[in-house]
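Trainee: only geometry, no sequence info:
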């Protein structure tokens, strides 16, 4: 009799878990499909797989999420409606006082977008992230998830990649998720090549996270691109959307598509 009760309880628990997972997936799909998304952004869904990626990162509508360096808001347009009702979204953008022209222009444009779309995105909390400095992307221990998309190579170019992961660890709750998408170099690629190409080895990214205290929970191939050799004249910027060579071999690089990318889910230990 006891075994029967236990089995019934397990079946019930699995049913509830399955329902919760289905609800999460539906909420993410609805956010991806929202009509407020910029058209040129939606055209890149075929390469970035936002629904599958966010589901893999286990993002739920009631979470507190930090998006690192949101740039023009590609993922923000999805995360914002997903978290608007029951969650919280911190957009940790470039430093406001940055003397880097691109950083300043991007931050100013993002602020204007938030102001213009206040009715839709007014709940977003704008913070900043300066790797290597003591910038607070969110209050310490407050975030359920920290997400970064194709940024680690930028921090490496300033030799600040290790400090970045420490900042994320600080912001997360025990048990929180760090989700990383990054251009993937071939195993054994040296540091100088990673710096100049924009591609990083998966082993090195895992090493960075592990040294910061994280545990690699799972890797996904959802953003893999087997057509990409990761060896190009202008590094990753040779490929779309940058197409750094302009018209030279444009069709060739368009046929390859966007870069081969690692997609990694790390966990901050509970104790």
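Mentor: Cool, the structure landed. Bear in mind that the values here come from a model prediction, so they are computed numbers and not experimental data.
Trainee: And the helices in this protein, which stretches?
Mentor: 2-32, 39-42, 45-48, 50-56, 76-83, 101-116, 118-121, 152-157, 161-171, 191-197, 202-211, 250-256 (DSSP state H).
Trainee: between these, which one is nearest to residue 222?
Mentor: helix 50-56 (4.7 Å; C-beta to C-beta). The C-beta positions use only the backbone N, C-alpha and C, and glycine is treated the same way.
Trainee: Report pLDDT for the closest residue to residue 236 other than its chain neighbours.
Mentor: Once flanking residues are discounted, residue 236 sits nearest to residue 198: 3.6 Å by C-beta to C-beta, 6 or more residues apart in numbering. Model confidence at residue 198, expressed as pLDDT, equals 98.
Trainee: what about residue 198, how many neighbours?
Mentor: 25 (other C-beta atoms under 10 Å).
Trainee: Hmm, it is touching residue 237, no?
Mentor: Yes - here residue 198 reaches residue 237: they are 6.4 Å apart, a contact under C-beta atoms under 8 Å.
Trainee: where in the chain is pLDDT low?
Mentor: Scanning the chain for pLDDT under 70 picks out 1-3, 5-20.
Trainee: What strands line up against the strand ranked longest in it, and which way round?
Mentor: In the chain, taking DSSP state E as the definition, the longest strand is strand 172-183. Partners of strand 172-183 in the sheet, by DSSP bridges, are strand 143-149 (parallel), strand 261-267 (antiparallel).
Trainee: Take these and lay them out in a markdown table including mean neighbour count and distance to residue 229.
Mentor: A markdown table is the format used below for these (neighbours: other C-beta atoms under 10 Å; distance: least, C-beta to C-beta, whole Å):
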| stretch | mean neighbour count | distance to residue 229 |
| --- | --- | --- |
| strand 143-149 | 24 | 22 |
| strand 261-267 | 23 | 14 |
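Trainee: Comparing the helices of the chain, which comes out most buried?
Mentor: By mean neighbour count, with neighbours taken as mean count of other C-beta atoms under 10 Å, helix 76-83 ranks first of those at a mean of 24.
Trainee: Which strand residues bridge the nearest residue to residue 148 once chain neighbours are set aside?
Mentor: Spatial nearest neighbour of residue 148, excluding adjacent residues (C-beta to C-beta, 6+ apart): residue 68 at 4.1 Å. Beta bridges link residue 68 to residue 92, residue 148, judged by DSSP bridges.
Trainee: I am finished for the moment; much appreciated.
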